[in-house]
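Visitor: below is the sequence, then the predicted model.
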Amino acid sequence: MARYWIEVHPDWKNAAMAPWVEGQMPRQVPGGLRWYFVQTQSFVFEFSTLEQWQECQRVLACKVLPSTLGHNQHWLSRLPARLRKWSVREKILRDLARMPIL
């Protein structure tokens, strides 16, 4: 079962996807910046913007994942190998789609 939570951070911190997804800054709320977390398949996905969440779903929905050769810092290259199998990604996508974005 997936776990969802939101944290508010007083300062900017880099999300794994931040350098790879253009878009808005994290959502400003009282006390800092809003970050969304989804724990699924024993891995925590971290998003600071809606665009990052959408891009993650778009990429993981590809039957054949894009190459990250030569891009060792790319967020997809940091995804554990056990999560790259299509059958596992289908479960991850289901859980990501259920993430409450408020």
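Guide: Structure's in. What do you need?

Visitor: got phi/psi on residue 56?
Guide: phi -60, psi -50 (degrees, to the nearest 10).

Visitor: tally of neighbours for it?
Guide: 24 (other C-beta atoms under 10 Å). Every C-beta, even on glycine, is put in place using the N, C-alpha and C of the backbone.

Visitor: so it makes contact with residue 47?
Guide: Yes. Using C-beta atoms under 8 Å, residue 56 is in contact with residue 47, at 7.1 Å.

Visitor: and the pLDDT at residue 72?
Guide: At residue 72, the pLDDT value in this model is 67.

Visitor: next structured bit after the least confident helix or strand in the chain by mean pLDDT?
Guide: Averaged element by element with mean pLDDT, DSSP states H and E, the chain has its least confident helix or strand at strand 27-29 (a mean of 76). Proceeding N to C from strand 27-29, the next assigned helix or strand is strand 32-40, under DSSP states H and E.

Visitor: which residues are contacting that following strand?
Guide: With C-beta atoms under 8 Å, 6 or more residues apart in numbering as the test, strand 32-40 has contacts from 2-13, 15, 25-28, 44-48, 53, 91-92, 95-96, 99, 101.
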